[in-house]
Structures are given as C-alpha cells and as structure tokens.
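*Asks:* this one's sequence-less:
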C-alpha cells in the first residue's frame, strides 16, 4: 500500500484523534482502478483508516468485525486530495468519519473484539 | 465448470495491480469467484491478506458471479466489466486473515436490486474453512 496517502497532520488524545490526510494521485493503484477513470478504491481507504487507528490507539488494530462502513462520496484523487479523518473509540467500538471539506466520504463502525 | 483468469478479467473493470479475482468455478447453481493470494498482492502485508483485501476480493466477486450468471442466462448486456463502487459493507466478520498461497472461494447470494444498487450476501471460504462473510451494497452508476 505504498504511497496511497500520507499523514499531513495529526492530533491525538485519550479517546479521540484527528488526522489530515493527503491522497497521492500518482499511486500505482490508479493504473487499475480504473484504467479510464481514477477512483480511490474503497478498500484502500478502509486500510488507510485502519493504519490511522493503529497510530491513534498505539496498538495493532484489526478490522475483523465491521458493523457498518458506508461510502458516501467516490473520491477522485486529483480533486479530493485533502481529507479529514476523525476517530473516536471506547472499549468495544471504534468509529471513524472521513470527510472531504464538509462532505462525509466514509462512515465506519468497527467492533474491537 | 472452471473459468480462467482471462475469462474472469473480461467481467471486471479493475486491472493490475488491483485485480482480486483470478478464476471462477460453477458447481450446480452456485458460482465461486477464486483468488490465490500471491506474495506481491497489493493487500498483502507480512504474508497475510489484510482485511481490506478480503473486502476488495468480495466486492470483485460480486461483479464476477453476477457477470457469469447473466452470461449463463444468455443476456448480452453491457453489464460486462461495468464500473461499480462499494456503497456499504455491513456485518463483515473475518474469522482469520488468509495467508499467501491460500486460495479463497467466494459465493454470493443475490438479495435485491433497487435502482442502481445491488444487495449481496458474500461468503468466503478456504478449503472447507469459513474465512469471512459480509453484506455488501454495490452501486452501479448508469
């Protein structure tokens, strides 16, 4: 998953984290997704969120039980390059909201068990 | 009946490096989309297929299984390799992360279609072992 994104900024606290993320339009994945129309693969964005959750919780976070993951805005990497991710969590659940400007891109709820 | 990776690729809009189905098989009424996990798979990390790789494999399995089914029914549609997006993943359970070299087989149960959205239950196994199941909503822009 090299160079799909990088973290531009992060603010971490005990039960919440904010990330500013930058999608890289030159990532190889866009050669295949799709050859005629680059769209950020939903699965890659899910992995990006998981990696941020590992940073935020300072542990190996697995997404083995996803309650719900809604994709509300297909991302075109040249246009939607700067994204805001907000993570909140408790003992049982991690919630993530990924936004582009004020629009929700992904809304995710993962069980930690 | 078995389908080659070349036949499967005709049903997918994705291309390298993110092709997550490399074969298919029909047993009775059921289609299985297959993937043998290569070490250089986009979603492999430390010899395991990541959760996101399981999700992407299941989503592409939807395109392959629906494509084969419509071929069987003799529909000469433009549905072949139509671009689709994951709209929702619900109640995904992954029982373990699959390893490089293992072959996944995913079958789907087609629930409903509302306008451009199809609802699917996907089940992934490795040999006889249950690996993952989920409910997927796929958006097919017209």
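*Replies:* Nice, thanks for sending it over. From a predicted model like this one, the values you see are computed outputs, not experimental measurements.
*Asks:* count of neighbours near residue 54?
*Replies:* In the absence of a named chain, this looks at chain A. The number of residues packed near residue A:54 is 13, by other C-beta atoms under 10 Å in any protein chain shown. For the C-beta atoms, the positions are set from N, CA and C on the backbone; glycine is no exception.
*Asks:* let's do chain B instead
*Replies:* So residue B:54, with other C-beta under 10 Å, has 27 neighbours.
*Asks:* for it, give me phi and psi.
*Replies:* Phi and psi for residue B:54, reported as degrees, to the nearest 10, are phi -60, psi -40.
*Asks:* how close does it sit to residue A:65?
*Replies:* From residue B:54 across to residue A:65, the span is 12 Å (C-beta to C-beta, to the nearest Å).
*Asks:* find residues that contact each of these two.
*Replies:* When contacts are counted by C-beta atoms under 8 Å, 6 or more residues apart in numbering or on different chains, residue B:54 and residue A:65 are jointly contacted by B:92, B:94.
*Asks:* gap between the two ends of stretch A:92-107?
*Replies:* Length of stretch A:92-107, first residue to last, C-alpha to C-alpha, to the nearest Å: 17 Å.
*Asks:* list the buried ones in that stretch?
*Replies:* When neighbours are counted by 16 or more other C-beta atoms under 10 Å in any protein chain shown, the buried residues of stretch A:92-107 are found to be A:94, A:96, A:98-100, A:105-107.
*Asks:* same check on stretch A:14-34?
*Replies:* A:17, A:19, A:21, A:23, A:27, A:29-30, A:32-34.
*Asks:* wait, does it make contact with chain B?
*Replies:* Yes: shown here: stretch A:14-34 in contact with chain B (C-beta under 8 Å from any C-beta of the partner chain) through A:28-29, A:31-34.
*Asks:* please compute how far that stretch lies from its chain's middle.
*Replies:* 7 Å (C-alpha atoms, centre = their mean, to the nearest Å).
*Asks:* go on, stretch B:135-142?
*Replies:* 13 Å.
*Asks:* next one: stretch B:22-37
*Replies:* 9 Å.
*Asks:* for it, which positions count as buried?
*Replies:* Buried, per 16+ other C-beta under 10 Å, within stretch B:22-37: B:22-24, B:31-35, B:37.
*Asks:* what's the farthest-apart pair in the residues you listed?
*Replies:* B:31 and B:37 (19.9 Å; C-beta to C-beta).
*Asks:* list the contacts of residue B:33.
*Replies:* Residue B:33 touches B:8, B:21, B:23-24, B:57, B:60-61, B:64-65, B:105-108, counting by C-beta under 8 Å, 6+ apart.
*Asks:* turn these into TSV, including pLDDT, secondary structure and distance to chain A.
*Replies:* Below are the contacts of residue B:33 laid out as TSV (pLDDT from 0 to 100; DSSP: H, G, I helix; E, B strand; the rest coil; distance: C-beta to the nearest C-beta, whole Å):
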residue	pLDDT	secondary structure	distance to chain A
B:8	96	helix	14
B:21	98	coil	13
B:23	98	strand	18
B:24	98	strand	19
B:57	98	helix	9
B:60	96	helix	10
B:61	96	helix	13
B:64	94	helix	15
B:65	93	helix	18
B:105	98	strand	19
B:106	98	strand	14
B:107	97	strand	19
B:108	96	strand	17
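*Asks:* brilliant, that's me finished.
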